[in-house]
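1. Build me a model from this:
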Amino acid sequence: MALDTYTFRIEDSSQPGRTRLAISGVIDEHAELHPVSEVRGEVEISLKGVRRINSFGVRAWIDVIRQIPAETKLTFVECPPPVVDQINMVQGFLGHGKLISFYSPMICEDCDEQEDALFTVAACRDLGGKLPPVKCKRCGNAMEVDDLEEQYLLFVRESA
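-> So this is what the prediction gives:
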């Protein structure tokens, strides 16, 4: 039986001295976020599998993130477009954490190929708040952000 991509899950692949959580599914009123509030030390949270966040989920997420002590070194990786949207709209969505990498929806204007491409915040800052070029896997031409790039990358400038 295939796992429902909307079922909320937190997978812990921690190793001694470093906590690593992978969150997937939908963050809503059914999501059990409490384990996130208990992280300490050096923590990496992958949000790659998050498909959607509703308003109740945003409120619950922020409540949990605020419970993480300031001395916890918190980083976020592989944030998909639904998470990037929340980072851009909701002040404090990542608490005191640092965003390392994120996905952006890309489209090839020539062949209509679509993909979510992974970028690092550092690479975007190095390019003055722009995404590095991405070549289409189907035709090899340049892909563009399937959104307004300046608005999608607000967090790059705001968290500098």
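
2. so where's the longest helix in the protein?
-> Ranked by number of residues, the top helix in the chain under DSSP state H is helix 55-66.

3. Give me the residues contacting that helix.
-> 26-29, 31, 33-34, 36-37, 53, 86, 90, 92-95, 97 (C-beta atoms under 8 Å, 6 or more residues apart in numbering). The C-beta positions use only the backbone N, C-alpha and C, and glycine is treated the same way.

4. quick one: residue 40 and residue 72 touch, right?
-> Yes. Between residue 40 and residue 72 there is a contact at 5.5 Å, judged by C-beta atoms under 8 Å.

5. quick one: pLDDT of the most centrally placed residue in the chain?
-> The chain has residue 79 as the residue nearest its centroid, 1.5 Å off, counting by C-alpha atoms, centre = their mean. Looking at residue 79, its pLDDT is 98.

6. cool, the one 10 residues further on as well?
-> Note on residue 89: pLDDT of 95.

7. Give me the distance between it and residue 138.
-> 32 Å (C-beta to C-beta, to the nearest Å).

8. Quick check: phi and psi on residue 32?
-> Dihedral pair for residue 32: phi -90, psi 90, per degrees, to the nearest 10.

9. what's the spacing between it and residue 154?
-> In terms of C-beta to C-beta, residue 32 sits 30 Å off from residue 154.

10. Looking at these two, which is more packed in?
-> Between residue 32 and residue 154, residue 154 has the larger neighbour count (other C-beta atoms under 10 Å), namely 15 against 10.

11. Quick check, that one in contact with residue 88.
-> Yes. Residue 154 is in contact with residue 88 according to C-beta under 8 Å; the separation is 4.7 Å.

12. Give the buried residues for the worst-scoring helix or strand of the chain on mean pLDDT.
-> Of all helical and strand segments in the chain, the minimum by mean pLDDT, DSSP states H and E falls on helix 154-158, at a mean of 84. For helix 154-158, burial by neighbour count (16 or more other C-beta atoms under 10 Å) applies to 155-156.

13. Format the CA atom coordinates belonging to it as PDB.
-> Extracted in PDB, the C-alpha atoms of helix 154-158 (Å, rounded to 0.1, in the frame of the first residue of the first chain):
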ATOM      1  CA  LEU A 154      11.700  38.100  -0.900                       C
ATOM      2  CA  PHE A 155      13.200  36.000   1.900                       C
ATOM      3  CA  VAL A 156      16.700  36.100   0.300                       C
ATOM      4  CA  ARG A 157      16.900  39.900   0.700                       C
ATOM      5  CA  GLU A 158      15.000  40.100   4.000                       C
END
